[in-house]
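Colleague: could you work out the structure for the sequence below:
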Amino acid sequence: IMLSKTYQRSSDGGSVSDSGNRLWARQNRRRLAAEPLRDAMLAYSGRLDQSLGGASEDLTAKMQRRTIYAKVGRFDANETLSLFDHPNAAVTCEQRVITNVPLQKLFFLNSEIVAAEAAALGKRMEKVGLENSYQLLFQRAPSETEVTAARQFFNDGGSWAQYAQVLLSTNEFAYVD
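Modeller: Next up, the predicted model:
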């Protein structure tokens, strides 16, 4: 199967001749919903608790279980989930609305949840190095521009936790191509 022409085709094949993707030549880019985005941050930081079942918990920076176990109230919506288009639990919703607003990016700069995961990820990145960190997060090697920018960042006194927070806030982390 891996040697077949179909398997070896690029996903970028129809982008020029079919920019609207009417022929379904590639997967459309989509942003991760709040739950898998938070779960990915926990998984890459190495702090994801994969235990199954049990009572739901308040969604805080201390909660390390999958987001599906977070409490969702009908009349007291969770701000983090609501920010990333979690449907209102008080009404029925056939499909989640997807928005892209500046507050979502500010969440990555100011959230305790992101800061906690970035600190843990930063420790992990420091152990494995820059090249392996990019391989872990993005399944690719860093470009020369990224390596140069990282070196400059660390020379200017930046920490691994800060650099991890920057990487977690990138579109490449939050979107699936």
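
Colleague: can you tell me the helix or strand for the residue nearest to I1 when sequence neighbours are not counted?
Modeller: Leaving out its chain neighbours, the residue that sits closest to I1 by Cβ to Cβ, 6 or more residues apart in numbering is Y7, at 5.7 Å. For glycine as for every other residue, the C-beta is placed from the backbone atoms N, C-alpha and C. According to DSSP states H and E, Y7 maps onto helix 5-8.

Colleague: ok, and what's touching that helix?
Modeller: 1-2 (Cβ atoms under 8 Å, 6 or more residues apart in numbering).

Colleague: helix or strand right after that helix?
Modeller: Beyond helix 5-8 toward the C-terminal end (DSSP H and E), the next one is strand 30-31.

Colleague: average model confidence for that next one?
Modeller: Taken as a whole, strand 30-31 has a mean pLDDT of 78.

Colleague: stretch 126-146 too?
Modeller: Mean predicted lDDT for stretch 126-146 stands at 93.

Colleague: just the helices in this structure please.
Modeller: Here the chain has its helices, by DSSP state H, at 5-8, 34-45, 79-83, 102-110, 112-138, 144-155, 160-168, 171-174.

Colleague: quick one: which of these is nearest L52?
Modeller: helix 34-45 (13.8 Å; Cβ to Cβ).

Colleague: that closest one vs helix 102-110, what angle?
Modeller: 20 degrees (axes from the mean of the first three to the mean of the last three Cα atoms, to 10 degrees).

Colleague: and helix 34-45, what's buried?
Modeller: Buried residues in helix 34-45, counting neighbours by 16 or more other Cβ atoms under 10 Å, are found at 34, 36-42, 44-45.

Colleague: could you dump the residues you listed into TSV with distance to S169 and pLDDT added?
Modeller: Formatted as TSV, these follow (distance: Cβ to Cβ, whole Å; pLDDT from 0 to 100):
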residue	distance to S169	pLDDT
A34	15	80
P36	16	85
L37	11	86
R38	13	86
D39	16	88
A40	13	90
M41	10	88
L42	16	89
Y44	13	90
S45	14	91
